[in-house]
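1. 3D, please:
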Amino acid sequence: MAAALSQRFTRIESSPSATAGTRRRASRRRARVLLVDSDTGAQATLAGALAEAGFEVLMVGSAHAALDALATDGEPPHLVISEVELPDGDGFSLCGQVRADARTARVPVLLLARRQEDFHRDLAGSVGADDYLPQPVTVRDVVALARLKTGRRTGDTTVESHTGRLPLTDVARALLAGVRSGRVVLAEGEGWFAFRHGLVVDAVFHGERGNLAFRRMLCFGSGAYAVVLGPELHKGSFTMDRAYLCETVLPGLERFDALRARGLPLASRLTVDFSRLAEMLPTLPEDVGEVVRLFDGRRTLRAMLLECPFPEAVAYEASTRLFALGVLVPACLVEERERARCGATVPAFFEPVLPPVPEAPVSAEDGAGCEASLELEEDGPAEPLTLVGGTQPPVILTFPKKPSRTGSGPDTVDGASRSDDAGI
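-> A predicted model of the protein is given here:
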């Protein structure tokens, strides 16, 4: 493991040009991160995590060495991560020099501070740092921000990513560790949450707004999303800091993910076996009805969890338990059982049997029309026309009989039929 990681990061001492060719070849395969820190132990820990996440890491121990590495030929790194306190300067001045060079002006810069000062936040904004992370900062949050900042940019302040590459839980933790403001917007307007200076201040998801919407967005939000950095000046509907997120919300989401990995599929349709429910009802909690009433055979498990008033992990565990007890069963099994009990399947053509139509007396004028319409029919009784309809009684359609041609005079239909035939 250590040998594999050592191939993914390089410590640059005094001659950065010696490794320029190696770094140019590696840049074609992986995003490169310049890591500036004088604490070799902390630097090695972070470099190992970044290398395991797929980055190529270039390590330097001072601001001067970092500027030398940035001045070498070839493409600049995709990201610069610097400690604020350096032996020959500080991370703020280094960030200002990176921004002053047209070649590196658009390279993202993250500043890490082991010792936080009140003026650090304003100073980080004034020199153009992409984010400032004071202690306590975790390696996991730095790696998440590195993945975010090296993603696809659609503007100076907008970065796109995907939950398959960077889950919403990780990006939420990382953004709350910093001091920036903005919002995370799911594709196709499915939902969003806004953050400001380390706090989540608002969220909208599937018609809900507030704390519940934020929690459900972390549970069910998937696909592409964009992080739009900028001032969030509206009041918002609630506030949540990183400590509450990590200590209260995320443990429940981890339980939810564990259930989703080995439990009922979210796309399953379940219904209630009421006979089994009557047997098990004395052993179930009183509020189980809030869960059971949502399973009507039409809703999916995902839709039920979105409508249930209980937390997602609690509702998921209750549904799994009810399924194990036989109270909830797949809707398709109930449909098959009901169909078998009825004893027949629905026919291919289902039409009501038409009652026989009584024959009405035919006048001379009406007979002319009938004569014309039946000219192609042979003499003799009409053959019944049968529509096949499975096991249902057939539908019998009979054509009206020909009017009699006997006799002559004004009451016969011969003259009328001949005139119509001539017209045809």
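
2. quick one, domains of this structure?
-> Here the domain parsing of the chain from automatic domain parsing is 1-150, 153-260, 263-342, 364-423.

3. Any chance of these in a markdown table with mean pLDDT and mean neighbour count as columns?
-> Every residue, glycine included, has its C-beta placed from N, CA and C. Output for the domains of the chain, formatted as a markdown table (pLDDT from 0 to 100; neighbours: other CB atoms under 10 Å):
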| stretch | mean pLDDT | mean neighbour count |
| --- | --- | --- |
| domain 1-150 | 83 | 18 |
| domain 153-260 | 92 | 17 |
| domain 263-342 | 88 | 16 |
| domain 364-423 | 47 | 12 |
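
4. Do me a favour and get the end-to-end distance for stretch 326-333?
-> End-to-end distance for stretch 326-333, by CA to CA, to the nearest Å: 12 Å.

5. chain center to that stretch: distance?
-> Here the centre of stretch 326-333 is set off from its chain's centre by 26 Å, with CA atoms, centre = their mean, to the nearest Å.

6. Ok, stretch 271-288 next?
-> Using CA atoms, centre = their mean, the offset of stretch 271-288 from its chain centre is 33 Å.

7. cool, and stretch 188-197?
-> For stretch 188-197, the distance to the chain centre is 14 Å (CA atoms, centre = their mean).

8. was I right about Arg209 contacting Ala203?
-> Yes: using CB atoms under 8 Å, Arg209 is in contact with Ala203, at 6.8 Å.

9. hey, what's in contact with both of those two?
-> The contact sets of Arg209 and Ala203 overlap at Ser237 (CB atoms under 8 Å, 6 or more residues apart in numbering).

10. Tell me where the stretch 51-200 of the chain has strands.
-> Ranges of strands in the stretch 51-200 of the chain, per DSSP state E, counting those that start in this stretch, are 56-60, 79-83, 85-86, 89-90, 109-113, 131-134, 152-153, 158-162, 181-186, 191-196, 199-205.

11. check contacts around Ala66.
-> Contacts of Ala66 by CB under 8 Å, 6+ apart are Leu34, Val36, Val60, Val80, Ser82, Leu94.

12. Which single one of these is nearest to Phe295?
-> Val80 (52.9 Å; CB to CB).

13. Mind listing the residues bridging to the closest one?
-> Residues in a beta bridge with Val80, per DSSP bridges, are Leu34, Val109.

14. gap between it and Arg106?
-> Applying CB to CB, to the nearest Å, the value for Val80 to Arg106 is 11 Å.

15. quick one: stretch 234-250 to chain centroid distance?
-> That offset, for stretch 234-250, works out to 22 Å (CA atoms, centre = their mean).

16. which residues are contacting it?
-> Stretch 234-250 has contacts (CB under 8 Å, 6+ apart) with 169, 172-173, 176-177, 194, 196, 198-203, 209-211, 214-215, 218.

17. which SS class is the residue nearest the centre of the chain?
-> The centre of the chain sits closest to Ser222, judged by CA atoms, centre = their mean, with a distance of 2.8 Å. Under DSSP: H, G, I helix; E, B strand; the rest coil, Ser222 falls in the coil class.

18. thinking it is in contact with Thr163, fair?
-> Yes: checked against CB under 8 Å, the pair Ser222 and Thr163 is within contact range at 4.9 Å.

19. re the thing from before, reformat the strands of the stretch 51-200 of the chain as a markdown table; add distance to Lys235.
-> Formatted as a markdown table, the strands of the stretch 51-200 of the chain follow (distance: least, CB to CB, whole Å):
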| stretch | distance to Lys235 |
| --- | --- |
| strand 56-60 | 42 |
| strand 79-83 | 34 |
| strand 85-86 | 37 |
| strand 89-90 | 36 |
| strand 109-113 | 29 |
| strand 131-134 | 24 |
| strand 152-153 | 30 |
| strand 158-162 | 24 |
| strand 181-186 | 14 |
| strand 191-196 | 11 |
| strand 199-205 | 8 |
